[in-house]
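Q: Need coordinates for the following:
(one chain, ligands or ions: 1)
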Amino acid sequence: MPELPEVEVVRRGLEPQLLGQTIRGIDIRQPQLRWPVPAELRHCLPGQRILSLERRSKYLLIEVTAGWLIVHLGMTGSLIWQQGGGAEQTAFSNTGRMPQHDHVVLHLDGARLVYNDPRRFGAMLWHARSAGPVSAFSLFKTLGAEPFSQAFTPGLLHKASRGRKVSIKQFLLSGMAVVGVGNIYCSEALFRARLRPTRAAGRLTLRQAEALHQEIRATLAEAIAKGGSTLRDFVNSDGQAGYFQLDYFVYGREGEPCRLCGTPVRQVRQQQRSTFFCPHCQP
Ligand SMILES: [Zn+2]
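A: Prediction:
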């Protein structure tokens, strides 16, 4: 499943292609994604110029004059950029992409942007400019702060954790304080901040919140710099698959020696999700 760094990598890859393009048409071949693809896109989008490509949490926001086309890749979604009649192709793709899962196609000037999603947990939605800023979009109202925004501070993290009896891992995964700390990056950030994932969120001190804040940003920034770690086969226009895998401190390393102290890394299950930690470094 793409996490925030992967979505940011997709955004950075697509931005130079999309900016300034005019949408000529849209084919909605399969509207049944996680939510129905709005039929109004067929008349909202043609003739619209693409003004920006931004990201909010794991949603991509394609801004046009009339509003925002909001895209979520779900579990298995990918975006494919096709130029020159499909001869030249850049895929942000899963292994073995099959054309029958090409659900939505945006026609641009001499290029196409294809949304492919075998399991159809992704989404393609619309927020009209007449309905206000995109931050007012219903799905965005309850999201926590963006990890690289000024709004995300150690104080905010500390304040949001007050009185919370859930584990610090669950608290971070909920996205209520900060978005984008998915399962992999949660284990890694907690290791780097030397915090036991099972500790109650409400016990986090301000000093620990400062360390955690710093390590969340550092972990995500490194993953983005390496091109995302779970988008395994980002295929570039030469058709070459680029494998991106971080050297994790603890994630997926149960029983292997901690990179700092040599103690075997431990794995626990928290709400059906695997958590990895070093019992020595994370007291
Ligand atoms: Zn250790």
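Q: and Ile70, that's in a helix?
A: No: inclusion of Ile70 in a helix is not indicated when DSSP: H, G, I helix; E, B strand; the rest coil is applied; the result is strand.
Q: what about the spatially closest residue to it that is not a sequence neighbour, which SS state?
A: Nearest-residue entry for Ile70: Leu125, 4.3 Å, with adjacent residues in sequence omitted and distances by CB to CB, 6 or more residues apart in numbering. All C-beta spots, glycine's among them, are computed from the backbone N, C-alpha and C. When states are read from three-state DSSP, the local structure at Leu125 comes out as strand.
Q: Provide a list of residues in contact with Leu125.
A: Listed by CB atoms under 8 Å, 6 or more residues apart in numbering, the contact set of Leu125 reads 35, 37-38, 69-72, 137, 139.
Q: Go through the helices and strands of the protein and name the one with the lowest mean pLDDT.
A: Of all regular secondary-structure elements in the chain, judged by mean pLDDT, DSSP states H and E, the least confident is strand 241-242 with a mean of 40.
Q: Relative to the ion, how far out is Tyr251?
A: 14 Å (CB to the ion, to the nearest Å).
Q: Run a quick check on Val134 versus Leu61, I expect a contact.
A: Yes: with the criterion set as CB atoms under 8 Å, Val134 and Leu61 qualify as a contacting pair; they are 5.9 Å apart.
Q: how about the top helix by length along the chain: buried residues?
A: Ranked by number of residues, the top helix in the chain under DSSP state H is helix 206-225. Neighbour counts using 16 or more other CB atoms under 10 Å place 208-213, 215-216, 219-220, 223-224 of helix 206-225 among the buried residues.
Q: Looking at those, which is nearest Ser274?
A: Closest approach between the buried residues of helix 206-225 and Ser274, by CB to CB: Thr219, at 16.8 Å.
Q: ok, now which ones touch the closest one?
A: Contact analysis of Thr219 by CB under 8 Å, 6+ apart lists 185, 188-189, 192.
Q: hmm, 10 Å instead?
A: By CB atoms under 10 Å, 6 or more residues apart in numbering, the contact set of Thr219 is 5, 147, 180-181, 184-193, 246, 248-249.
Q: State the distance from it to the ion.
A: Between Thr219 and the ion the distance is 17 Å, computed by CB to the ion.
Q: how close does that residue sit to Tyr251?
A: Separation of Thr219 from Tyr251 (CB to CB, to the nearest Å): 10 Å.
Q: so what sits against both of these two?
A: For the pair Thr219 and Tyr251, residues contacting each of them under the criterion CB under 10 Å, 6+ apart are 184-188, 191.
Q: ok, so of those, who is nearest Leu157?
A: The shortest approach to Leu157 among the shared contacts of Thr219 and Tyr251 belongs to Cys186, at 13.2 Å (CB to CB).
Q: helix, strand or coil for the closest one?
A: helix.
Q: coming back round to it: which pair of the buried residues of helix 206-225 spans the longest distance?
A: The most widely separated members of those are Gln208 and Ile224, with 24.5 Å between them, by CB to CB.
Q: how far away is Met212 from the ion?
A: Quick fix: residue 212 reads Leu, not Met. Noted for Leu212: a distance of 17 Å to the ion, by CB to the ion.
Q: One more: Val105?
A: Using CB to the ion, which is the criterion applied here, Val105 is 49 Å from the ion.
Q: Once you drop chain neighbours, what's closest to that residue?
A: The spatial neighbour of Val105 that comes closest, neighbours along the chain excluded (CB to CB, 6+ apart), is Asp27 at 4.3 Å.
Q: cool, and Thr263?
A: His280 (4.1 Å).
Q: Can you name the residues that contact the one you found?
A: Listed by CB under 10 Å, 6+ apart, the contact set of His280 reads 194, 258, 260-264, 266.
Q: Right, I'll call it a day here.
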